[in-house]
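Chemist: Sequence and predicted structure, then a few things I'm wondering about:
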Amino acid sequence: MTLPRFPGVTLSSGNVKNMPVLGLGTSAAPSPTAEAVKKAMEECQTLGLTKSIGVSNFSCKKLADILAFAKIPPAINQVEMNPAWQQEKLMKFCRANGIMIAAYSPLGAAGAIWRTKGVLESEVLIESAKSKGKTVAQVALRWAYDQGIVIVCKSFNKGLYIEGGFKL
Ligand SMILES: NC(=O)c1ccc[n+]([C@@H]2O[C@H](COP(=O)([O-])OP(=O)(O)OC[C@H]3O[C@@H](n4cnc5c(N)ncnc54)[C@H](OP(=O)(O)O)[C@@H]3O)[C@@H](O)[C@H]2O)c1
């Protein structure tokens, strides 16, 4: 399901039957338009069309803005988070407001042109992995796991799963 797209605001959730979270993602500060969108999403939840409402790439300021008018606070905020970008302030804010964090790019978006070298190529993490007999990816994922957050990791390499590459 895709809800109407407003300037600076994108809403998409795939198939609501299989996708229990509706997401509101924006790179601009929430505006009155975002308020209208959020209300429409809340209506979807009230009607039972979605179990939860999520946001993505929301800073503390954007979350505070949305919390000021939300009847149903966002259940989750999906943001980039990894050992090189720890999002401490945002994490504190989300915890205090009962919002779960979902970390995307937990490996620093390895392979993408916008990747950060601060994760898989981090000397500290490489040393730590060596000393524990783990891969650097395992150390990075373990760090994220220990934050008590949701981790959104990706691999096209089936073998990583089958051979236990994601075993923490
Ligand atoms: N909400 C948003 O704005 C937003 C933005 C970006 C991403 N996301 C979501 O987050 C998901 C994951 O983020 P991401 O793809 O940016 O980054 P990521 O999970 O940090 O990195 C994925 C890359 O890491 C490699 N990789 C995976 N497991 C590995 C391992 N064990 N050892 C070494 N390399 C490994 C993958 O290569 P191989 O495939 O070769 O294994 C792939 O190139 C995406 O699929 C997307 O759905 C959301």
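Modeler: Arrived safely.

Chemist: and the residue nearest to Thr135 when sequence neighbours are not counted, what is it in contact with?
Modeler: Nearest non-adjacent residue to Thr135, counting by Cβ to Cβ, 6 or more residues apart in numbering: Ala129, 5.9 Å away. (C-beta placed from N, C-alpha, C; glycine too.) Listed by Cβ atoms under 8 Å, 6 or more residues apart in numbering, the contact set of Ala129 reads Thr135, Val136, Gln138, Val139.

Chemist: Need the phi and psi values for the third one.
Modeler: So the one you mean is Gln138. Geometry field for Gln138 lists phi and psi as phi -60, psi -40, criterion degrees, to the nearest 10.

Chemist: now it: how far from Ile126?
Modeler: In this view, Gln138 and Ile126 are 12 Å apart by Cβ to Cβ, to the nearest Å.

Chemist: Need the phi and psi values for Ala75.
Modeler: phi -80, psi -30.

Chemist: Let me fix that, I meant to ask about Ser52.
Modeler: Main-chain dihedrals, Ser52, degrees, to the nearest 10: phi -140, psi 160.

Chemist: does it really touch Pro73, like I thought?
Modeler: No. Under the criterion of Cβ atoms under 8 Å, Ser52 is not in contact with Pro73, lying 10.2 Å apart.
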